[in-house]
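K.L.:
I'll drop the sequence and a predicted model, then ask my questions.
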Amino acid sequence: MRQCRVSLLVPLCAITACGGSTTPTSSGSGGATTPVVSFNVPLTDGFVVTSRGAHVVFRFDATGAAQGIHFADVGLVRPVGLTFGPATLPAPVTGPAPAARYAYVAVGDSDRIARFDATTRATAGAATSGVTLRSPRNLNFGPDGALYVADGFLNQVLRFDGVTGAFDRVFATDAALNGPTSFTFGPDGDLYVVSVLTNRVLRFDGTTGAFKGPFITTGLALPHDVAFGPDGNLYVTNSGSTTIQRFQAGTGALIGPFVTDPALNAPLGLTWGPDGNLYVANQLANEIRRYDGVTGALRGVVVPGGSGGLASPAFIAFQPATGLALSATRDTTRTMVLLVARGASPGGRLLVAHGTTGGGTTAVPGCAAPVALGAATFTAWIADEGGFGVVREPVPATGAGYAVIDVRTCAISAVVQPT
């Protein structure tokens, strides 16, 4: 069968022919809305967006105001996925630790991964070596510290040394994988890969890369990006419809549309913000939209169409924070707490500890130092491309507190109690 490049700029079928639910429940809207406020957490973190139409990466502040071009390179032709690199890396990744945190950008039309110094924003040399990429679409570091790249032409997820960039092996591939555009490691450790040309999400063993079968087989129309939400379920953008679908963790069963928004026009990347809301790159409208993290209601157009030169936005990443920290914000109307970790290793495994305050400690699996919580239990999670982790949990009993552990470094945050 002849292979072709996977197009992210224009849907592969007509929008009117791709279908998509218009169920009004738990949906956003392109018109005026009065959304239910789930968590009043102010956004204080800026974010970056790849712009395929402008051939650069733009930066926006927490209000959505344009801050100009953040990363640019003569070879940055139609950039797509991006991630930030971890500051420290454990075995089995070898080589010297990077002097600074880097940013990595998949450049599908020039078949390479561009690397930038995240502080100076200067180009920082070749990011990968040892294999010829044909159409890299998205990338991220895995829980093991290695760099993973989805190649839409090769129909593979490739693994590279996280420090040197040397090619290690083809990590995940199968005849069922056709046009991988994005992926995520799950809290369960497995790898979930979008197969855009078959309208599926496939599941691979997160350690060996062995194919474990289709995970999602229904409810998708040209899916492009995938992420686990604060409720533990899996969310997928559909460039061929106006919905963002939600699927049950563990089973892949369709829960239903989380967002139904007629203003969505070939949406691509999605990410959960540190305010607990969902941010979506609305590609053909040249904008970034924000949806309530619990209800899916529209909470505004954060970056209006074309602002700052934004054209065909593809993927979004919040900029990394310095130092591991955790916040806990109570929503008394829903008896829930929003936990937001900052400063973790991008793509790294997190343990959210929940226990009693007042002097007790609990051993942390795989780490020497204990967490300063008595009788703590742990919830496994994964940090995103910027080192953020966003989780919702029930309001704890009086006297309980939380901390987060970065498993890659064994760093432990200060204990916090819900405010």
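P.N.:
Nice, thanks for sending it over.

K.L.:
drop to CA atoms for contacts and neighbour counts, all remaining ones
P.N.:
Will do.

K.L.:
how about the strands in the stretch 51-200 of the chain?
P.N.:
For the stretch 51-200 of the chain, applying DSSP state E, counting those that start in this stretch gives strands covering 56-60, 66-71, 79-84, 102-107, 112-117, 123-126, 136-141, 147-151, 156-160, 167-173, 180-185, 191-195, 200-204.

K.L.:
would CSV of those strands with distance to residue 378 be doable?
P.N.:
Below are the strands of the stretch 51-200 of the chain laid out as CSV (distance: least, C-alpha to C-alpha, whole Å):
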stretch, distance to residue 378
strand 56-60, 34
strand 66-71, 37
strand 79-84, 26
strand 102-107, 30
strand 112-117, 34
strand 123-126, 38
strand 136-141, 22
strand 147-151, 26
strand 156-160, 29
strand 167-173, 29
strand 180-185, 18
strand 191-195, 21
strand 200-204, 24
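
K.L.:
dump those into CSV; add mean neighbour count as well.
P.N.:
What follows is the strands of the stretch 51-200 of the chain, written out as CSV (neighbours: other C-alpha atoms under 10 Å):
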stretch, mean neighbour count
strand 56-60, 25
strand 66-71, 18
strand 79-84, 29
strand 102-107, 26
strand 112-117, 24
strand 123-126, 14
strand 136-141, 30
strand 147-151, 27
strand 156-160, 24
strand 167-173, 18
strand 180-185, 30
strand 191-195, 26
strand 200-204, 25
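
K.L.:
closest one to residue 381 among those strands?
P.N.:
Smallest distance to residue 381 across these (C-alpha to C-alpha): 9.5 Å, for strand 180-185.

K.L.:
the closest one pairs with which strands?
P.N.:
With DSSP bridges as the test, strand 180-185 is paired with strand 191-195 (antiparallel).

K.L.:
and the contacts of the strand it pairs with?
P.N.:
With contact meaning C-alpha atoms under 8 Å, 6 or more residues apart in numbering, strand 191-195 is reached by 177-186, 200-206, 209, 215, 223-226.

K.L.:
where among the strands of the stretch 51-200 of the chain is the average confidence lowest?
P.N.:
Of all the strands of the stretch 51-200 of the chain, mean pLDDT reaches its minimum on strand 123-126 (a mean of 88).

K.L.:
by contact count, what packs against that one?
P.N.:
strand 112-117 (3 or more C-alpha pairs under 8 Å, 6 or more residues apart in numbering; DSSP states H and E).

K.L.:
partners of the strand it packs on in the sheet?
P.N.:
Looking at strand 112-117 with DSSP bridges, its partner strands are strand 102-107 (antiparallel), strand 123-126 (antiparallel).

K.L.:
chain center to that strand: distance?
P.N.:
On the basis of C-alpha atoms, centre = their mean, to the nearest Å, strand 112-117 is displaced by 18 Å from the centre of the chain it belongs to.

K.L.:
same check, this time on stretch 73-91
P.N.:
Its chain's C-alpha centre and that of stretch 73-91 lie 14 Å apart, by C-alpha atoms, centre = their mean.

K.L.:
go on, stretch 118-136?
P.N.:
20 Å.

K.L.:
CA atoms of stretch 137-144 as CSV?
P.N.:
Extracted C-alpha coordinates of stretch 137-144, given in CSV (Å, rounded to 0.1, in the frame of the first residue of the first chain):
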residue,chain,number,x,y,z
ARG,A,137,4.4,14.7,14.3
ASN,A,138,4.6,14.8,18.1
LEU,A,139,7.1,14.0,20.7
ASN,A,140,7.6,13.8,24.5
PHE,A,141,9.8,12.3,27.1
GLY,A,142,8.7,9.1,28.6
PRO,A,143,8.7,8.0,32.3
ASP,A,144,12.1,6.4,31.6
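
K.L.:
which one of the strands paired with strand 112-117 lies nearest to residue 134?
P.N.:
Across the strands paired with strand 112-117, closest to residue 134 is strand 102-107 (C-alpha to C-alpha), at 9.9 Å.

K.L.:
return that closest one as PDB; C-alpha atoms alone will do.
P.N.:
Output of strand 102-107 as PDB, limited to C-alpha atoms (Å, rounded to 0.1, in the frame of the first residue of the first chain):
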ATOM      1  CA  TYR A 102      15.700  22.400  26.300                       C
ATOM      2  CA  ALA A 103      12.700  22.700  24.100                       C
ATOM      3  CA  TYR A 104      12.100  20.200  21.300                       C
ATOM      4  CA  VAL A 105      10.000  20.800  18.200                       C
ATOM      5  CA  ALA A 106       8.900  18.200  15.600                       C
ATOM      6  CA  VAL A 107       9.300  19.700  12.200                       C
END
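
K.L.:
starting at the chain centroid, how far to that strand?
P.N.:
14 Å.

K.L.:
which other residues reach it?
P.N.:
With C-alpha under 8 Å, 6+ apart as the contact definition, strand 102-107 has outside contacts at 76-86, 112-119, 127, 135-139.

K.L.:
spit out the contact partners of the closest residue to residue 129 other than its chain neighbours.
P.N.:
Setting aside the residues directly before and after it, residue 129 is nearest to residue 166 in space (C-alpha to C-alpha, 6 or more residues apart in numbering), at 4.9 Å. The contact partners of residue 166, taken as C-alpha under 8 Å, 6+ apart, are 128-130, 160.
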